[in-house]
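1. Prediction below, plus the sequence it came from.
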Amino acid sequence: MTAAVLSPPRPVVARRSSASLPAQVGLEVRKSLSTRSGVALVAAAALLAPAAMSVAVASADGPLSSPTGPVVVTGMLSVLVLLALGVLSTAGEWTHGSVQTTYLLEPRRSRVLVAKALAVAAVGAAVAAVAAALATGVLALFGPAVPFGGIGTALLVVAIAGAAFALIGAGVGAALGNTPGALTGVYLVNLGVLPLLQTFQPALADKIDPGNAVLSLAQGHQQAQSITVLVVWVSVALVAGAAMTRRRAVQ
Amino acid sequence: MITVSGLTKQYGGRTVVDDVSFTLEPGTVTGFLGPNGAGKTTTMRMVAGLVPATSGSALVNGRPYAALPNPGAVMGTLLDAAAVHPGRTGRTHLRLIADALGVPADRVDEVLDLVDLTSAGHRRIKGYSLGMRQRLGIAAALLADPPVLMFDEPANGLDPEGIRWMRSLLRDHAARGGTVLLSSHLLGEVEHTVDRLLVIGGGRIVADGPVASLLGTDGVSVRAADPGALAGALTAAGFSVTHGADGALVVSGASPAEVGAVAAAGGHPLTDLRPLQRGLEDVFFSLTAA
């Protein structure tokens, strides 16, 4: 240890105020991508859709009338992975304790959650769009002949879904403050409860399932209802996250 | 400067911090001493705004921590060295903090060098020892060279050289006008580092003052040519005298001047006269025994 260097060689001039919101969003993006788990999740999300499309193309036995269905369905696989990215951005910090550093640097917890939400939404949208674009590329190169007229809408919908699902994960993660619990919860609901509901109460499931909402949005059906479903899921998750985070002691 | 007034924390019906008040002035190192569960860490977490107080207030440089414009640049805090993402490298961890504080990126290299982690900066934190994590936490607290430092058990995991270095660091910080609050259960560490002691027990401040005054005296040890005659004179003068195992007389509650006066008045030649000073450990346990 450098015992002689007890004071800095020159004065350290820190910013006079907290980081701006865009700067905090940038920091949160860097945080998400500064660990192997974060990079692995992003890579998995980006590659899952084209991988699934490869399998679909290899097993396809007829022409397609539109690329929208295959692109959105395979894109949703990537979007489901982005749920975990959102969970890790919030619950992960509570689980391994680094939330302490976060709140020592920015004690305004609502502002931290807003920055995290914007960061995961941006990353989620970008990764989902890349995944869908790669899946589209696989379809174009190796799939049956298909008119690509509506592909822009499909890519946009997958990007929106990526942002929405990452936000839902972030909200649930913030609400529970526990990574295993939050991951179990979001995947149990999306892959267990909602499919079961689809089997036994399809009318109700159609009204509340965010996955169905994404598919309907891409197909141009019930767009207002689909957007409402996604907005409600995101809002409920984020409000719950904000409420639970507000006064939770950092131990 | 840290000002704490009537700080209280209750969990359910249990009071873990009870009406704690103190003011820490610039230029001082204050030790926060108490047994496990006494309320040290909870008090420090309330000062940093991490745990909401049930009542009372804590101000850092005149404002609640959360109301400071860039709080990490005002108070450098080390509460839990393990509270880091184990998958990041030490350098990345510090660079993220530096960017949040708005300090130049090359300051990261300075503090890594300061805590002797330059060669380990590229390694993931999960491979760090407890001492290395502690030094990383100290580096993070020093990034903005803040005027106030608050460290919770910073000596944990440090080797003797590291403890000596940290002691110099804190003394130097105070000498430059900084305010330091340092908690520890290592009594010797506190004794040699701090100007002032706050002793907390059962959630309440049970002693507050300079180390020397808290140690105080506990009577006098005296040797005389004729111990029996001196003991008789002291007893006649109203003092309580016991015979120590080494042949010295122990006069409880007396000062050396009082014992010397009795000896001189009776013509008793003395061969040794010294105050009995209590060890910090004795003081600590007597104050926190309840």
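-> Nice, thanks for sending it over.

2. Can you list the low-confidence ranges for the stretch 51-200 of chain B?
-> Low-confidence regions of the stretch 51-200 of chain B, defined by pLDDT under 70, span residues B:186.

3. where along it do the helices fall?
-> B:71-74, B:90-101, B:106-114, B:130-142, B:160-175, B:187-193 (DSSP state H, counting those that start in this stretch).

4. Any buried residues in stretch B:187-206, and which?
-> B:187, B:189-191, B:193-206 (16 or more other C-beta atoms under 10 Å in any protein chain shown). All C-beta spots, glycine's among them, are computed from the backbone N, C-alpha and C.

5. ok, and does it reach over to chain A?
-> No. Counting by C-beta under 8 Å from any C-beta of the partner chain, chain A is not contacted by stretch B:187-206; separation bottoms out at 13.9 Å.

6. okay, how far is it across that stretch, tip to tip?
-> Stretch B:187-206 has its terminal residues 16 Å apart, counting by C-alpha to C-alpha, to the nearest Å.

7. so how far is that stretch from its chain's centroid?
-> Distance of stretch B:187-206 from its chain centroid, counting by C-alpha atoms, centre = their mean, to the nearest Å, is 5 Å.

8. and if you look at stretch B:238-256?
-> Distance of stretch B:238-256 from its chain centroid, counting by C-alpha atoms, centre = their mean, is 32 Å.

9. can you check stretch B:160-170 too?
-> 14 Å.

10. Residues touching that stretch, excluding its own?
-> Applying C-beta atoms under 8 Å, 6 or more residues apart in numbering or on different chains, the contact partners of stretch B:160-170 are A:1, A:3, A:6, B:29, B:131, B:134-135, B:138, B:149, B:151, B:154-155, B:158, B:180, B:182, B:189, B:192-193.

11. Ok, which of the helices of the stretch 51-200 of chain B comes nearest residue A:130?
-> Residue A:130 lies closest, by C-beta to C-beta, to one member of the helices of the stretch 51-200 of chain B: helix B:90-101, at 24.0 Å.

12. So that closest one, near chain A or not?
-> Yes. Contact of helix B:90-101 with chain A (C-beta under 8 Å from any C-beta) involves B:92, B:96, B:97, B:99, B:100, B:101.

13. Secondary structure element holding the spatially closest residue to the fourth one that is not a sequence neighbour?
-> Take residue B:99 and drop its neighbours on the chain: the residue closest to it by C-beta to C-beta, 6 or more residues apart in numbering or on different chains is residue A:27, 6.0 Å away. For residue A:27, the element it lies in under DSSP states H and E is helix A:21-32.

14. show me the contacts for the residue in the stretch 151-251 of chain A that chain B sits nearest to.
-> Residue of the stretch 151-251 of chain A nearest chain B, by C-beta to the nearest C-beta: residue A:250 (3.9 Å). The contact partners of residue A:250, by C-beta under 8 Å, 6+ apart, come to A:99, A:100, A:103, B:45, B:50, B:51.

15. Between the two ends of stretch A:134-150, how far is it?
-> End-to-end span of stretch A:134-150 (C-alpha to C-alpha): 16 Å.

16. Quick one: residues in contact with that stretch.
-> By C-beta under 8 Å, 6+ apart, stretch A:134-150 touches A:46-47, A:49-50, A:52-54, A:57-58, A:60, A:62-68, A:70-71, A:74-75, A:151, A:154-155.

17. roughly how far apart are residue B:9 and residue B:18?
-> Separation of residue B:9 from residue B:18 (C-beta to C-beta, to the nearest Å) stands at 8 Å.

18. where do the contact lists of those two overlap?
-> Taking C-beta under 8 Å, 6+ apart as the contact rule, residue B:9 and residue B:18 both touch B:39, B:203.

19. who has more neighbours, the two?
-> Neighbour totals were compared for residue B:9 and residue B:18, and residue B:9 leads with 23 against 18 (other C-beta atoms under 10 Å in any protein chain shown).

20. in what helix or strand does that one lie?
-> strand B:2-11.

21. The residue nearest to residue B:99 and residue B:95 touch, don't they?
-> No. Using C-beta atoms under 8 Å, residue A:27 is not in contact with residue B:95; the gap is 10.1 Å.

22. With just CA atoms, put stretch B:34-41 into PDB.
-> Provided in PDB are the C-alpha atoms of stretch B:34-41 (Å, rounded to 0.1, in the frame of the first residue of the first chain):
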ATOM      1  CA  GLY B  34     -19.800  -1.400  20.900                       C
ATOM      2  CA  PRO B  35     -20.400  -5.100  21.000                       C
ATOM      3  CA  ASN B  36     -22.100  -7.000  18.200                       C
ATOM      4  CA  GLY B  37     -25.800  -6.000  17.900                       C
ATOM      5  CA  ALA B  38     -25.300  -2.800  19.900                       C
ATOM      6  CA  GLY B  39     -26.600  -0.600  17.000                       C
ATOM      7  CA  LYS B  40     -23.400   0.700  15.400                       C
ATOM      8  CA  THR B  41     -24.100  -0.500  11.900                       C
END
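
23. Now do the same contact list for the closest residue to the residue of the stretch 151-251 of chain A closest to chain B other than its chain neighbours.
-> Nearest non-adjacent residue to residue A:250, counting by C-beta to C-beta, 6+ apart: residue B:50, 3.9 Å away. The neighbours of residue B:50, taking C-beta under 8 Å, 6+ apart as the test, are A:100, A:103, A:104, A:249, A:250, B:79.

24. Spit out the contact partners of whichever residue of the stretch 1-150 of chain A sits closest to chain B.
-> The nearest approach of the stretch 1-150 of chain A to chain B comes at residue A:15, 2.6 Å away (C-beta to the nearest C-beta). Going by C-beta under 8 Å, 6+ apart, residue A:15 touches B:70, B:73, B:101, B:102, B:103.

25. Report how many residues lie close to the residue lying closest to residue A:38 once chain neighbours are set aside.
-> Excluding the flanking residues, the one nearest residue A:38 by C-beta to C-beta, 6+ apart is residue A:32, at 4.6 Å. When counting by other C-beta under 10 Å, one arrives at 23 neighbours for residue A:32.
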